[in-house]
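Asker: Sharing a model that was predicted from the sequence below.
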2 protein chains.
Amino acid sequence: MYERKIPVDLSCPLRLTMSLINSKWKSCILDELRNGPMRPSELHKVLPEAAPRVLDLQLKELAEDGLVAKTIFAELPPRSEYAITGLGRSLLPIIDAMIAWGEENRLLFERKFGTTG
Amino acid sequence: MYERKIPVDLSCPLRLTMSLINSKWKSCILDELRNGPMRPSELHKVLPEAAPRVLDLQLKELAEDGLVAKTIFAELPPRSEYAITGLGRSLLPIIDAMIAWGEENRLLFERKFGTTG
DNA sequence: AAATATACCGATAATTTTTTCGGTATCCGA
DNA sequence: TCGGATACCGAAAAAATTATCGGTATATTT
């Protein structure tokens, strides 16, 4: 069975928040879900670098933490949707701030580390 | 020699910002440095859960990325200080937002995952 | 002398995260 | 019947992160 390796970090507010987002794909997933629920296959289309299995696992943890909610439709072929929750949505300002920071400082890091530069 | 495993992620603004903070201690270090430069030994005192060697490595990467600046004093026993840079300081609003979010939602997660609940 | 404190580094171990691969089950269409 | 699409899962490999241990060097204190 899949089991979470390390639990949400309750030791300080900063680490708590970090432990919820701190992964390669979670913040991207939340960002993608902001405009409405998506199916796993749709998420894979917009985040092609993330393997389907990876999205599975991260969606499962996001759901465990209450940041997204899963809806299963009793259809065949199977269909399910993941929607951002109110709690998840309350993280979007932070994600927006990170996006804005990244846009403002992109050039700096491209010059520093980029291959095209 | 120490070598960075994966480079700063330039593929999108969100991932860029994430790749700079996304670690167990970096955001804590930036938070601690906000009120002035600190020596490695001082940082270890305020973040006792982080082993000195770990702080070393994270400070080195933070310095590589331009988020902190190192000053070496030619003294014996050796002394050095790490100060947050302007670029690093521009991340503090994001870190503040994460701290605030963590404070607002702490109880929720303590009830959900906490041992004392 | 010996212990302490400082900063730092290399090698390696331990842990965690991410990825890959193959398999379940079902229905639809060719 | 066969291949495609859907969602999901387990095992295991690969990769990355974090941690531990011991060592360098030098001055001061005991």
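Answerer: Perfect, thanks for sending it.
Asker: And the helices in chain A?
Answerer: Secondary structure of chain A, counting by DSSP state H: helices at A:13-21, A:26-32, A:40-46, A:52-64, A:86-89, A:92-113.
Asker: May I see those helices organised as JSON lines, with mean pLDDT added?
Answerer: Formatted as JSON lines, the helices of chain A follow (pLDDT from 0 to 100):
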{"stretch": "helix A:13-21", "mean pLDDT": "97"}
{"stretch": "helix A:26-32", "mean pLDDT": "97"}
{"stretch": "helix A:40-46", "mean pLDDT": "94"}
{"stretch": "helix A:52-64", "mean pLDDT": "95"}
{"stretch": "helix A:86-89", "mean pLDDT": "98"}
{"stretch": "helix A:92-113", "mean pLDDT": "97"}
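Asker: Not counting its neighbours along the chain, what's nearest A:F73?
Answerer: Distances taken as Cβ to Cβ, 6 or more residues apart in numbering or on different chains place A:R79 nearest to A:F73, at 4.3 Å, with adjacent residues excluded. C-beta coordinates here come from the backbone N, C-alpha and C atoms, glycine included.
Asker: Just the pLDDT for the one you found.
Answerer: Confidence at A:R79, expressed as pLDDT, is 90.
Asker: count of neighbours near it?
Answerer: A:R79: 13 surrounding residues under other Cβ atoms under 10 Å in any protein chain shown.
Asker: any idea how far A:P40 is from it?
Answerer: Noted for A:R79: a distance of 10 Å to A:P40, by Cβ to Cβ, to the nearest Å.
Asker: if we can go back for a sec, which stretch among the helices of chain A comes nearest DNA strand C?
Answerer: Of all these, it is helix A:52-64 that lies closest to DNA strand C, at 3.3 Å by Cβ to the nearest atom of the strand.
Asker: tell me what the closest one is packed against?
Answerer: helix A:26-32, helix A:40-46, strand A:68-73, strand A:79-84 (3 or more Cβ pairs under 8 Å, 6 or more residues apart in numbering or on different chains; DSSP states H and E).
Asker: which ones are touching the most centrally placed residue in chain A?
Answerer: Here the mean C-alpha position of chain A is nearest to the C-alpha of A:K26 (Cα atoms, centre = their mean), at a distance of 2.3 Å. By Cβ atoms under 8 Å, 6 or more residues apart in numbering or on different chains, the residues touching A:K26 are A:20, A:58, A:61-62.
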